[in-house]
Structure formats: C-alpha cells, structure tokens
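K.L.:
need coordinates for the following:
(chains A and B)
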Amino acid sequence: MSLLAGHPTEKYVRTDRLPHIWCPGCGMGIIFNAFASAIDQLGIDPRKIVVVSGIGCAGRASGYWAYDGFHTTHGRPIPFAMGLKLARPDLHVVVISGDGDLLAIGGNHFIHAARRNVDILVILVNNFNYGMTGGQVGPTTPEGTRTTTTPYGNYLEPPFNAVWLAAASGAVYVARWTVYHVRNLIESIKTAMQMRGFRVIEVVSTCPTDFGRRNRMPDPLDNLRYLKEHAVYKKNPDPKEAEIVWGKKFVIGEFVKIEAKETFGDRIRRIIEIAQSRIRGKS
Amino acid sequence: MVGEIKPGTYFWSGNDAIAEGAIFAGCRFFAGYPITPSNEISERLSWRLPQVGGIFVQMEDEIASIATIIGASWGGLKAMTATSGPGFSLMQENIGLAVMMEVPIVIANIQRAGPSTGLPTMIGMGDVQQARWGTHGPHEIIALAPSTVQEAFDLTIKAFNLAEKFRTPVILLADEGLSHMYERVNVPDPRDVIIINRKMAKDPRNYLPYRADSDLIPPMAPVGEGFRIQSTGLTHDERGYPAINAEAQNKLIKRLIDKIQKRKHEIIDYELYRGDDAEIIVISYGSAARSAKSAVDMAREENIKAGFLKLRTIWPFPDELIYSLAKKVKAFIVAEINEGQITREVERASKGQAEVFWVGNYGGRWIYPEEILDKILEVR
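P.N.:
Residues are numbered from 1 along each chain as shown, chains lettered A, B, ... in the order given. I've put the predicted structure just below:
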C-alpha cells in the first residue's frame, strides 16, 4: 500500500520510490505537490509533461514525479530541455532545479535561454545554499548569513537578484513566491503553464538542515515563519526591487508577464520554411 | 525529400563531407559552438539542415551544445555536434551522461595541436586517448578516424549507424589536415546505403527504461507517450531509478561495456595493404595514414617487405587483429601526430610478439612519407 494512498496527487507520483531523500522540513515537498496540483487543476495530460532537472536537492524532483523525467548533469538541465523541446514542440517541457544549479554552474545557460525565449518553464528553487553537498555558500546566499564555506559569515558573495536577472535577459514570465505562499504558487504555475516562451518561477524555499541550522533557525517552522514575516506581496512589482537582504522584507509577486512573444522554436520553424521555399523556387 | 543531396560526384572539404554525411545518415539536429578548425561543419549545416527540415542551433558554449543534442536525441532526432580540442575537453562530462543514459549522439572532433589553445589552425592528433578516457569512470566508447574526404563522408554515416545501433555516443576523430583538404567524394544512391535507426519500445505497459534485450541494449521509448521514462546520470536499475550501491554499479557498467566489447567485430573497420608477406607493418590513422601508405610503397620499391594497416576504428581498439599480426611481423611502426597515443595501444596488444616503434611529431605539421621511410630503413 502506497504511503500516498488516496492523496489527490498520488497518480502523479512514483510511489514505489518513497520515502524520498529530502530532509524533514525541506520546502521541496510543498513545491512538488504544488506542481502536481497545478497540473491536476489544469487537466493537462500528464503524459505530455516532461521534467528535466540538474543536480542537487531540487534536481531529484524529476525522479519522484510520474511524468517522463530526465535527471541530467550539474547546471545543464536548461540546454538539455531546449534540445528536447525543439525536437518535440508538442510537449510541455519543465525544468526544476536549485539556485546553485541554475544560477552558478548553469548561469550562462539560464541567461542565454531567456535571451532566445526558449519555450520552457523553469522552476528555480532558491534555498540560499548548496543543500545536497552540505550547505556551502551559493549565488543567492544573502550577505551576512552563515554557510559551511563562509564560517566568518557571508561577507564575500553578494547574491544574484534572480528575478531581475531573468527579466533583463528576456524571460516572458517572471514570478517569485515562497513555500509559505502555496496557493499563489499553484496559481502561478497554472498561469505559466498556459503561456509560451521562457518562463521563470523562483520559489524561495526552506533548508532547515543546512541553511536554517546555521542561521539560528534549526526548526522547520521557524524557516517558514521567516518567509511569512518577510515576504511582501506587491502587484506588478519592479524586478529591480526583488533583491533579498537578510532580515529585511522582500517582494513576491508576478514581475513580468509578456504575452505573444515569438519563441525560439517559432523562429526555427520560420527559418526552415524560408530555406525550403527557396529550394522549391529553384527546382 | 526536399533538400537532400543528389547521388553523384562532389568536390568537398573534409568538413563539408562530414556535414553532408550527417544529413545523409538522417541527422536532423545540430548544436555547436564556433571553434577552429571545425567551423565549416556548422556553417554548412546552418545552411543545409533547414533545407531538409532539420534544426541548427549555435549555443553559448560546448557544454550547452552537447547537453542540447542529448536532449534532442531523447526527443527522437538524430543529433550531432562538432568541435575541436578545447571544446572537446568541455564536453567530456556530458559524454559520460550520454554513455550512462544510453543516448545516440555523434561528436565530430576536428583535432588541432594542443594542449590548451595550442595551434588552433594546425594539424594535431592528440585527442585519441582523451576520446577513450576523457569522461570519468569506467566505460566503453566508439571512435572512428577518417583519412580521406570520402571516408569523412562514409564514416560519418557509420558513426550515426553505430550510435543508433548501440545507443551510445560515437566520436568522429578527424583532424585539421583532412578537414580543410578538398577531394572528390562519391555520394551513393540512398537505396544502396544501410541506415540504422534506434530500436524503439512500442508498448508502455510494463516498460522499464533500462531493461535490456538479449543484445544488452534496452529499446528507447518515445518521450511524451506515457512510457513514464526515467533517466539519470546516477547509477540506476532497470527502472531507471537511482541505485546507489556497488552491486547496481557493477551490473550496469558491465552491461554498458559488454554491449560494445562483445560486438566489436561489428564496429572494427580497417584496411590492410601489402600485408601478406610484410615483415614491417606501418600502422596509422587519420591524416597521418596518407603519408604512411606512400612510405610503404617507397619501401617496397627498395625491396623491403613493408605493409600498411590503416585503422578506421580507433575505439574499441582491434586488440586481436594487432596480436595476430604481431605474431607474423618483425616490427610495427606507428605513425601519428602525437606523442605515441596509439603506439602504446599497439605495444599493449602485441603482448611482446613484435617490436613497436613510434614515428611522428607533436603537431603543427604533417608527417612526411620520407620520415616514415627513414624509420622503416632504421628498423629493418
């Protein structure tokens, strides 16, 4: 009997893989369920969803959902997903990975896929550190916080504002939520799944085992409480305002929403049409 | 079909022939990053692939290029990339991913002299062992080396066929000399050429992504059809689920090695020239093979019993062939534009039955037939 027997999203889960590897209090369970719920509510055929992930805690999600799932190399889920999407434009291709995977080792692919407007949804799980490897500083670690490689406090690495980075690089949909804001997250995934182009949802998550423990929040609930107390919803916020400073309020909401922008796949198909019509013209 | 090349005779560079061979083999997806001396491949494919309804993309780097073609191959398209030494180095990790996920892809590595930036515009053959061992961990790999422009065309088709047949990455090890050389190429009638397509699973019920058939190769499933594909670079079981233990590792890696090693007779391709009575055999491959053949003819004119073995398949290495020849000859001379990367393979495979000598240079110029002849005269 499955651990999830009777759960509304059971059919989207590889129940034979449970229990999962995520720590107690990890935000991944909430994100995992939010995505499955969004797909369920939209009524999308789950066979037409492909999930591609990189390496890290968030990267394991592709192996627990029952969709076609590809667990690739560190930092490379976006180019892998791009190849798959261009080959199979009929499928929904979703990338889920962490801040280290997508913004550090894979940062170059993130901005270039946004620039091209590759037709994929990227769920960027930001837990402020490298959880899988033991809690090292990452590209989104807030200044002043403590990690295993910033034992004197992170006074070295200013973090990326991932929202602004995505917006400036050309993403057509950029939203940020936290794992406390589950309903907003589900609605946002539903919105993004119905759009085309490079879409990014940053989910500020919790990592009590690594980040929380080293920043005076070993209890999972304290991590959630931090998000509840510091996240401030704004309507149509400016991506520039999206920086996260530890101990201060940060903005959540839908920062960018651009409809009907030509995708990379659209452009490729147009080039094929031009090339083939020229050949036909000659013969 | 629109845009496909007509059978006939063409005057192409090695890079042109690789691009056309790819399309002939059914390649419909290319992703690459500019690097000398491979650029004519991507330039030609950016023009030719759209004509046949294929997709050309220029990526932000070589890592993205190989990751993208692995994704495209999972999407059902025959896919390739082309690069040279520095880019080939960057691709190594994802070659391992393609080995582990068992994804057919072709990587054309147009070798230049290295290491590092080296001599970007000049010949080198120093990536032979990197092709074999460049990605980490125990694995088997297939690599082919053309030495004429016709072979560049033919072996590119073969590279795709082997990739599809064995569900594995295949490396086409060309070099700058061949890539920029123009020669006549005969393009056959497509009906006369065998094109192999990957074995596909048909029924999603009870499908396990990594349950191999008796040929040790699991059928590939189409994405988006309810097969619930699960694929990872982690060590995995037949379900494709991570299995983090030594037993799973040894079972999986043994199969990945055996699926190629046990059928290497279907992969190994070579040409033995004037070998019947030879006492000295010159072994070579790639551009260096051209000079080696001339040197053997020159030696025969001086009544030296010299022969020539051209390797078209570099990996898996033809151990048994080398050993059987070693028992007949006095010596092997291996001609290559590197420090002796295949010389050591010949030494290993000879098992002490023949002396093995190296002739060559470290890159930047050809080996001249006279240099090889001098070595033959020295050794005899």
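K.L.:
quick check: chain neighbours aside, which residue is closest to the residue in the stretch 151-283 of chain A that chain B sits nearest to?
P.N.:
Closest approach of the stretch 151-283 of chain A to chain B (CB to the nearest CB) occurs at residue A:275, with a separation of 3.5 Å. (Glycine included, C-beta is placed from N, CA and C.) Excluding the flanking residues, the one nearest residue A:275 by CB to CB, 6 or more residues apart in numbering or on different chains is residue B:50, at 3.5 Å.
K.L.:
and the helix or strand where the one you found lies, what does it pack onto?
P.N.:
Here residue B:50 sits within helix B:39-51, counting by DSSP states H and E. Secondary-structure packing of helix B:39-51 (3 or more CB pairs under 8 Å, 6 or more residues apart in numbering or on different chains; DSSP states H and E): helix A:264-282, helix B:14-25, strand B:27-32, strand B:55-58.
K.L.:
near chain A at all, the third one?
P.N.:
Yes - Strand B:27-32 comes into contact with chain A when judged by CB under 8 Å from any CB of the partner chain, the residues involved being B:29, B:31.
K.L.:
avg pLDDT for that strand?
P.N.:
Mean pLDDT, strand B:27-32: 98.
K.L.:
what's in contact with that strand?
P.N.:
With contacts defined as CB atoms under 8 Å, 6 or more residues apart in numbering or on different chains, strand B:27-32 is touched by A:79, A:83, A:86-87, B:22, B:38, B:41-42, B:45, B:49, B:52-59, B:62, B:64-66, B:68-69, B:72-73, B:77-83, B:106, B:160.
K.L.:
now mean neighbour count and distance to residue A:167 too, for the helices and strands packed on helix B:39-51, in TSV please.
P.N.:
Shown next, in TSV, are the helices and strands packed on helix B:39-51 (neighbours: other CB atoms under 10 Å in any protein chain shown; distance: least, CB to CB, whole Å):
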stretch	mean neighbour count	distance to residue A:167
helix A:264-282	14	18
helix B:14-25	27	38
strand B:27-32	27	26
strand B:55-58	21	24
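K.L.:
residue B:186 against residue B:150, yeah?
P.N.:
Yes - when contacts are counted by CB atoms under 8 Å, residue B:186 is listed as touching residue B:150 (6.7 Å).
K.L.:
isn't there a strand covering residue B:80?
P.N.:
Yes - assessed with DSSP: H, G, I helix; E, B strand; the rest coil, residue B:80 lies in a strand.
K.L.:
these two touch, right, it and residue B:109?
P.N.:
No - with contact defined as CB under 8 Å, residue B:80 does not count as touching residue B:109 (11.2 Å).
K.L.:
and the residue of the stretch 51-200 of chain A that's closest to chain B?
P.N.:
residue A:87 (2.5 Å).
K.L.:
that residue: neighbour count?
P.N.:
As a burial measure, residue A:87 scores 23 neighbours (other CB atoms under 10 Å in any protein chain shown).
K.L.:
who has more neighbours, residue B:80 and residue B:109?
P.N.:
residue B:80 (33 against 25).
K.L.:
contact partners for the more buried one?
P.N.:
B:22, B:27, B:29, B:30, B:69, B:105, B:106, B:107, B:108, B:160.
K.L.:
which strand residues bridge the third one?
P.N.:
Here residue B:29 sits in beta bridges with residue B:55, residue B:79, going by DSSP bridges.
K.L.:
helices of the chain, residue ranges please.
P.N.:
Answering for chain A, as no chain was given. Secondary structure of chain A by DSSP state H: the helices cover A:28-42, A:77-87, A:99, A:107-116, A:162-169, A:182-193, A:213-214, A:220-230, A:264-282.
K.L.:
that's the other chain; I wanted chain B
P.N.:
B:14-25, B:39-51, B:62-74, B:85-101, B:128-133, B:149-166, B:176-179, B:246-261, B:288-301, B:319-326, B:343-350, B:369-379.
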